[in-house]
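Engineer: how would this look folded up:
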Amino acid sequence: MHRFANPGQFMRVADRVLPWIVALCLPLIAAGLYFGLYASPPDFQQGETVRIMYIHVPTAFLAQGAYVVMALGSASFLIWKHPLGDLIARSAAPIGCVFCIICLVTGSLWGRPTWGTYWVWDARLTSMLILLFLYFGYLALANAFDDPARGDKPAAILALVGVVNIPLIKFSVYFFNTLHQKSTLAGDLFGAVFGEPEAAVQAENLPADLAAAAAQQGGDLPPEMLLPLMLMLAGFTLAFLALLILRLRGEFASVRLRALRAGFRAEPRGA
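Structural biologist: Numbers count the residues shown, from 1 in each chain. Model (predicted):
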């Protein structure tokens with residue numbers, strides 16, 4: 001396995017699988033969009049606005065997943081000094097940042113008709129916003145120096161520190177009284193483990209319309225809604241992998257170019 005830690009060897013393998021990833025990704029997303037936007041029924045409470053879920057949920061999952069990939073790459077770079085770990089972290093960061101922005105925007109658009117407002121300082125929403133700031137911070141640190149290598153270590157440390165926010169995002173709906181619904185795919189399992197928030201507290205602290213929206217949390221998805229959601233989740237995951245490989249290719253080329261420039265500068269004049 002250690003031979004795949006070599007960036008050149010890793011990219012040779014990644015370039016071979018990239019066409020297959022794209023070939024699977026595109027039909028999955030196309031099928032997910034068809035079933036999600038046309039074939040699946042509207043929700044009996046939310047109506048057509050529930051279709052935002054087919055974009056919002058996969059982007060939320062991948063915004064968190066990309067950060068975990070970034071943290072794992074940073075850990076391998078700090079512990080084993082593998083350059084591939086840093087390249088993976090640098091490549092995953094902007095992709096995850098875009099997914100996080102899409103998640104927050106679609107969540108706000110979904111929240112307006114559901115909660116009556118685009119934004120509330122809810123535990124899930126706030127922790128997701130913190131994730132976006134962590135992405136911004138990582139990207140700023142990684143690109144803050146003329147020599148990118150100087151930003152590798154501080155950016156990697158930030159990525160590792162920030163990963164504690166991921167379980168907070170996931171379990172905030174069970175630890176706090178929150179407007180946000182529970183996990184769409186695993187709500188019953190986590191609810192059985194962590195218990196349900198007390199609805200009475202929500203009713204006391206929230207306006208009537210927001211308290212009613214909070215009472216609609218959780219519940220299993222019917223198969224006709226679960227199918228397009230799973231198709232979109234699989235398609236978006238493959239899209240993330242394809243974009244990650246393309247970003248890695250660019251990062252690897254940049255490293256080689258910097259090495260060539262450094263070699264030319266180090267070469268004695270007249271040699």
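
Engineer: Helices of this structure, start to end?
Structural biologist: 7-34, 53-80, 83-115, 123-142, 152-162, 165-175, 187-194, 199-205, 208-214, 223-266 (DSSP state H).

Engineer: Now tabulate those helices in JSON lines and tack on mean pLDDT.
Structural biologist: Output for the helices of the chain, formatted as JSON lines (pLDDT from 0 to 100):
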{"stretch": "helix 7-34", "mean pLDDT": "92"}
{"stretch": "helix 53-80", "mean pLDDT": "95"}
{"stretch": "helix 83-115", "mean pLDDT": "94"}
{"stretch": "helix 123-142", "mean pLDDT": "95"}
{"stretch": "helix 152-162", "mean pLDDT": "95"}
{"stretch": "helix 165-175", "mean pLDDT": "84"}
{"stretch": "helix 187-194", "mean pLDDT": "44"}
{"stretch": "helix 199-205", "mean pLDDT": "42"}
{"stretch": "helix 208-214", "mean pLDDT": "43"}
{"stretch": "helix 223-266", "mean pLDDT": "87"}
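
Engineer: Which stretch among those helices approaches Ser40 most closely?
Structural biologist: Ser40 sits nearest to helix 223-266 of all the helices of the chain, at 5.1 Å, using CB to CB. All C-beta atoms are positioned from the backbone trio N, CA, C, and that covers glycine.

Engineer: Just list the residues touching Pro222, thanks.
Structural biologist: Contact analysis of Pro222 by CB atoms under 8 Å, 6 or more residues apart in numbering lists Pro41.

Engineer: Look up how far Phe35 lies from it.
Structural biologist: Separation of Pro222 from Phe35 (CB to CB, to the nearest Å): 12 Å.
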